[in-house]
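Sequence first, then the predicted structure, then my questions.
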Amino acid sequence: MGRRNHLIQSYQQARELLNLRKSQGRDYAKLSHNVYLEPRADNCIAVKYHDTDIVVYHPDGKIELHCGGWFTVTTKQNISAFSPFTVWQEKKVWYVNRGPDFDPGTTVLFKDGMILMVVVAAFFQNLLPA
């Protein structure tokens, strides 16, 4: 598992990129092949991969992660690239970790539609079973 650059890590970064594109006459930003940053209802911003909103940034700091049932390498790569989290797999089970360092204290099981916030590692340790 190598390090990965997290290209968008916050609602603020996503909003700034959309505002820049809006000033250029577009209401979306192309991030990668088949990956777009688009506005959503309630002032949310989504990273859309094909037809699935794989990352949804909320103004209050919450971040939703979705795979839409597509447990693929490229879905994991795109969630990892366009969120502050890294999604990785071991024995066909997906996990989420804060950032690229794979600290076991900050790893949780991936669930489609999970809502996370970027917080200190101690918070994640409280989520893990004893």
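Right, received. Where do you want to start?

Give the rounded mean pLDDT of the helix or strand hosting Y36.
Using DSSP states H and E, Y36 maps to strand 35-39. Averaged across strand 35-39, pLDDT comes to 96.

Please identify the buried residues of it?
35, 37 (16 or more other C-beta atoms under 10 Å). Bear in mind the C-beta positions are built from the backbone N, C-alpha and C, glycine included.

which helices and strands sit right next to that strand?
Applying 3 or more C-beta pairs under 8 Å, 6 or more residues apart in numbering; DSSP states H and E, we find strand 35-39 packed against helix 11-23, strand 29-32, strand 45-49.

Make a markdown table out of those and add distance to T74 and mean pLDDT.
As requested, the helices and strands packed on strand 35-39 are exported to a markdown table (distance: least, C-beta to C-beta, whole Å; pLDDT from 0 to 100):
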| stretch | distance to T74 | mean pLDDT |
| --- | --- | --- |
| helix 11-23 | 20 | 94 |
| strand 29-32 | 10 | 92 |
| strand 45-49 | 8 | 98 |
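
Deepest in the core, which of those is it.
strand 45-49 (a mean of 23; mean count of other C-beta atoms under 10 Å).

What pairs with that strand, parallel or antiparallel?
Sheet pairing of strand 45-49 (DSSP bridges) gives strand 35-39 (antiparallel), strand 52-57 (antiparallel).

Quick one: distance of the first one to the chain centre.
By that I understand strand 35-39. Relative to its chain's centre, strand 35-39 lies at 12 Å (C-alpha atoms, centre = their mean, to the nearest Å).

and the angle for it with helix 11-23?
Put simply, strand 35-39 runs at 90 degrees to helix 11-23, going by axes from the mean of the first three to the mean of the last three C-alpha atoms, to 10 degrees.

And the pLDDT at the residue nearest to the spatial centre of the chain?
The structure's the chain has its C-alpha centroid closest to S83; by C-alpha atoms, centre = their mean the separation is 3.2 Å. pLDDT recorded at S83 is 93.

list the contacts for it?
Residues near S83 by C-beta atoms under 8 Å, 6 or more residues apart in numbering: 6, 8-9, 47, 55, 63, 65.
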